[in-house]
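Peer 1: sequence and computational prediction follow.
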Amino acid sequence: MTKTYQLVLDTNVLLAGLRSSRGASYKLLTVLNDKRWQLNISTPLILEYEEILKREKYQLTLSNDEIDNVIDAICAIANQCNIFYLWRPVAKDPDDDFLIDLALECQADFIITYNQKDLQPAEKFGIKVVTPKEFLQQVGEIP
């Protein structure tokens with residue numbers, strides 16, 4: 001039996017994938033509901049998704065209702081994790097610590113982000129911090 005990869009998706013990847021239908025972020029969004037991996041979310045992450053996407057809605061050319069639909073779709077396929085402990089401070093940017101908390105709680109294999117530098121401390125817990133392109137290459141979705 002093959003292992004199901006546990007994933008945490010940073011908001012910057014979601015934003016990039018919704019901004020353009022070209023590129024690795026968009027490709028990743030199209031395959032999020034694959035049985036080879038499980039997306040993991042937490043309340044703080046969903047609130048950040050909502051805040052950032054609605055702040056950038058004109059750039060995304062999406063309405064608030066469409067953004068809500070995207071977030072609802074993510075919630076429908078993702079594993080909801082409750083964070084009962086905090087490993088803070090770990091990340092360079094304290095605003096990123098909740099991603100590491102989530103990754104630890106769900107025993108994530110990957111945090112997928114464009115902010116690798118600030119999330120690098122997660123690697124000392126065995127969590128790979130990769131870009132969408134790197135993840136898609138590792139799982140054989142792109143060459």
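Peer 2: Arrived safely, thanks for sending.
Peer 1: who's the most centrally placed residue in the chain bridged to?
Peer 2: Centroid check for the chain by CA atoms, centre = their mean gives Leu9 as the closest residue, at 0.6 Å. For Leu9, the beta-bridge partners are Ile112 (DSSP bridges).
Peer 1: show the pLDDT at it.
Peer 2: pLDDT for Leu9: 98.
Peer 1: show me the contacts for it.
Peer 2: Leu28, Leu32, Leu39, Ile112 (CB atoms under 8 Å, 6 or more residues apart in numbering). For the C-beta atoms, the positions are set from N, CA and C on the backbone; glycine is no exception.
Peer 1: buried residues, the helix or strand hosting the first one. List them.
Peer 2: Looking back up the chat, that one is Leu28. Using DSSP states H and E, Leu28 sits in helix 24-30. Neighbour-count burial for helix 24-30 flags Ala24, Ser25, Tyr26, Lys27, Leu28, Leu29 (criterion: 16 or more other CB atoms under 10 Å).
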